[in-house]
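Visitor: have a look at this prediction, sequence included:
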Amino acid sequence: MVSVHKWDKNEDSATIYAYWIKNEISAAPNVPHFSEMKVDSTHRSDIIVSNGSGKYTYEVTSTSHSGANKPYFESSIPQRLCVKASSKDGSGTVKIKVTDKRTGKVANCKVTYTTEKSCFATGTLITLADGTVKAIEDINNGDIVMSWDFINGKLEPMAVSMYWNHGQAEYNVINLKFSNGSLLRIIGSHGIFDLTTNQFEYINTENYTSYIGHSFAAIADGYFSVQLVDSYVTKELTGCYSLETVQNGNAIAEGLLTLTPQAYLELFMFEEVGEGLKFDAEKLSSDIAEYGLYSYDEWKDYVTLEEFNAFNGQYMKIIVGKGLITEEQLKALIAKWL
């Protein structure tokens, strides 16, 4: 899995989780993205490893900049690896390999970061609930737009819960051209659902050519596949906007299924996607049986019922149970957002 990290000079830590499932080692980065960072700053990331044998080795296998140091263990928590990195680049990638010393199983974490805002360029067309479109700069909080419900695998009208206007400036605009003629113009980094990898992939100025040839989810009455056939970057004066929807988080931009990089992706994508662009029903049922669901009464001191439902409150017990976020972190997010 890949997660996008927005570096912030005011934040001093983030966490990547690598964990073993059914004796197979896998890495699932859970990296908060923040608002902005001075490009010449230093960042520390922690990798917490659970399950496995408890004996691990770690290494940074590659980095797009020279500022990543050698990993080191934190003595107070044997399973925590600390990696510090500094960069003068606007974006980049750090790849980290985790090896179980006893079993030899390997997990690979890839963190892609950007110091630029994550949004759409002026003129990007957002699909509304009635099937018409509206330019991103004309969207308002509360507008009902079309989104995709991964629980039931279908289109679902949802209100815009958050909307950002980052202002006009000179930006590096990534132009993504698809086989059906669609042109999606993004700034910094943005998630698009990749049918080739079956997850949201965050495309930025470092990796924008890597996905040429991949199939992505285009949305009309249902979903269909379109291929990314070309990508290029232009530097231009433009506005910069992004949005988020109630419950689903995602929205349809230029006919593509998109997702603004999230502080915690699992708030919306809390289960693996199976066939039919739908959460794996068997796995979701199994996770509910194992971890349970929150009731509103457990969170009524922190959010309204409407807010609890808007951010998939009941399912947060699953990601807390998996160790992808803590209740304390959820409360901190509530305080920050609401």
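Guide: Sure thing, it's come through.
Visitor: check contacts around the closest residue to Gln168 other than its chain neighbours.
Guide: Distances taken as Cβ to Cβ, 6 or more residues apart in numbering place Gly239 nearest to Gln168, at 4.9 Å, with adjacent residues excluded. Any C-beta I mention is one placed from the backbone N, CA and C, and that applies to glycine too. Residues in contact with Gly239 (Cβ atoms under 8 Å, 6 or more residues apart in numbering) are Ala121, Thr122, Glu137, Asn165, His166, Gly167, Gln168.
Visitor: kindly report the same for Thr99.
Guide: Applying Cβ under 8 Å, 6+ apart, the residues contacting Thr99 are Tyr56, Thr57, Tyr58, Lys105, Val106, Ala107.
Visitor: what about whichever strand or helix holds it, average pLDDT?
Guide: Using DSSP states H and E, Thr99 falls within strand 91-100. In this model, strand 91-100 has a mean pLDDT of 68.
Visitor: next one: stretch 261-269
Guide: pLDDT averaged over stretch 261-269 gives 69.
Visitor: burial measure for the residue lying closest to Val273 once chain neighbours are set aside, as a count.
Guide: Sequence neighbours aside, Asn198 is the residue nearest to Val273 in space, at 5.4 Å (criterion: Cβ to Cβ, 6+ apart). Residues lying near Asn198 (other Cβ atoms under 10 Å) number 14.
Visitor: next, count neighbours for His166.
Guide: Counted with other Cβ under 10 Å, His166 comes out at 18.
Visitor: right, I mislabeled it, should have said Lys283
Guide: If we define neighbours as other Cβ under 10 Å, then Lys283 has 12 of them.
Visitor: heads up, I number from 894, so please use that
Guide: From this message on, residue numbering opens at 894, which makes the last subject Lys1176.
Visitor: hang on, it in a strand?
Guide: No. Lys1176 is assigned helix when assessed by DSSP: H, G, I helix; E, B strand; the rest coil, not a strand.
Visitor: give me the pLDDT for it.
Guide: Listed pLDDT for Lys1176 reads 90.
Visitor: my guess is it contacts Phe1163. True?
Guide: No. The criterion here is Cβ atoms under 8 Å, and Lys1176 misses it with Phe1163 at 10.8 Å.
Visitor: so what's Val1038 bridging to?
Guide: On DSSP bridges, the residues paired with Val1038 through beta bridges are Leu1021, Met1051.
Visitor: what residues are up against it?
Guide: Per Cβ under 8 Å, 6+ apart, neighbours of Val1038: 1019-1022, 1032, 1050-1053, 1136, 1138, 1144-1145.
Visitor: Ala1111 now?
Guide: Here Ala1111 is in contact with Phe1071, Asn1073, Ser1075, Phe1117, Ser1118, Val1119, Gly1148, Leu1149, Leu1150 (Cβ under 8 Å, 6+ apart).
Visitor: compare the residues you listed and tell me which is most surrounded.
Guide: Counting by other Cβ under 10 Å, top hit in the contacts of Ala1111: Leu1150 with 24 neighbours.
Visitor: beta partners for that residue?
Guide: Beta-bridge partners, per DSSP bridges, of Leu1150: Ile1145.
Visitor: hmm, it is touching Ile1085, no?
Guide: Yes. Between Leu1150 and Ile1085 there is a contact under Cβ under 8 Å: 6.9 Å.
Visitor: identify the contacts common to these two.
Guide: Counting by Cβ under 8 Å, 6+ apart, the residues touching both Leu1150 and Ile1085 are Phe1109, Ala1110.
Visitor: so Met1209 is in which element?
Guide: Taking DSSP H and E as the criterion, Met1209 maps to helix 1209-1214.
Visitor: so for that helix, what gets flagged as buried?
Guide: Residues Met1209, Lys1210, Ile1211, Ile1212, Val1213 are the ones in helix 1209-1214 that count as buried (16 or more other Cβ atoms under 10 Å).
Visitor: who's in contact with Gly1060?
Guide: Gly1132, Cys1133.
Visitor: in three-state terms, label it for me.
Guide: Per three-state DSSP, Gly1060 ends up coil.
Visitor: what about the helices in the stretch 1044-1193 of the chain?
Guide: 1174-1184 (DSSP state H, counting those that start in this stretch).
Visitor: who wins for neighbours among the contacts of Gly1132?
Guide: Busiest of the contacts of Gly1132 [other Cβ under 10 Å] is Ala1014, holding 21 neighbours.
Visitor: what's the longest strand in this structure?
Guide: strand 1116-1131 (DSSP state E).
Visitor: ok, Thr1090 touching His1107?
Guide: Yes. With contact defined as Cβ under 8 Å, Thr1090 counts as touching His1107 (7.3 Å).
Visitor: so between those two, which is more surrounded?
Guide: Between Thr1090 and His1107, counted using other Cβ under 10 Å, the more crowded position is His1107 (17 against 14).
Visitor: for the more buried one, what are its contacts?
Guide: His1107 sits next to Asp1087, Leu1088, Thr1089, Thr1090, Glu1094, Gln1120, Leu1121 when contact means Cβ under 8 Å, 6+ apart.
Visitor: just the buried ones among these, please.
Guide: Asp1087, Leu1088, Glu1094, Gln1120, Leu1121.
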